[in-house]
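In: Pasting the sequence and the predicted coordinates here, then a few questions.
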Amino acid sequence: MTTDEPMPTIEAELYELSMPGRLLGKEVLDSRARRIGIVRSIRISLHPVRSELIVKGAEVEFPVDFSAIETVGTVVQLNSVVRDAEEIEVHDVIRLQKEVLDDIQAYLGAQ
């Protein structure tokens, strides 16, 4: 590779094998305390270096940069308002957790 060629982006998506895990499956709240989704996975990229949570909402998945995280406890609290996601209810959280767990189990079963 010559120095004129751009460095390729390298990405890895990380999952936990329990639901909810330390991050996976936790509810995500924006700065207005609106429940907007759950953590689906963690994505790490090189060139440029970037780490973000992938949040699964009602009808959307979107990345959240780690710098937008205020605190992590029983929920993940963001320090900004998320306008691209609608607020979800508790029963939606349970459904989304099951969907993510089913996706992970299907992926592991296909290996």
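Out: Received the coordinates, thanks. Numbering: from 1, shown residues only.
In: which stretches of the protein have low pLDDT?
Out: The chain contains residues with pLDDT under 70 at 1-3, 110-111.
In: which residues of it fall in strands?
Out: With DSSP state E, the ranges of strands along the chain come out as 10-14, 27-29, 35-46, 50-56, 61-65, 69-72, 76-78.
In: of all these, which lies closest to residue 20?
Out: Of all the strands of the chain, it is strand 35-46 that lies closest to residue 20, at 7.9 Å by CB to CB. Where C-beta positions appear, they are placed from N, C-alpha and C, glycine not excepted.
In: Next up, the contacts around the residue most central in space within the chain.
Out: Among the residues of the chain, the smallest C-alpha distance to the mean C-alpha position (CA atoms, centre = their mean) belongs to residue 54, namely 2.2 Å. Residues near residue 54 by CB atoms under 8 Å, 6 or more residues apart in numbering: 13, 39-43, 61-64.
In: any chance of the strands of the chain in a markdown table, with distance to residue 107 too?
Out: As requested, these are exported to a markdown table (distance: least, CB to CB, whole Å):
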| stretch | distance to residue 107 |
| --- | --- |
| strand 10-14 | 10 |
| strand 27-29 | 22 |
| strand 35-46 | 11 |
| strand 50-56 | 14 |
| strand 61-65 | 16 |
| strand 69-72 | 25 |
| strand 76-78 | 23 |
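In: Select, out of those strands, the one closest to residue 103.
Out: Taking CB to CB as the criterion, strand 35-46 is the member of these that comes nearest to residue 103, at 8.3 Å.
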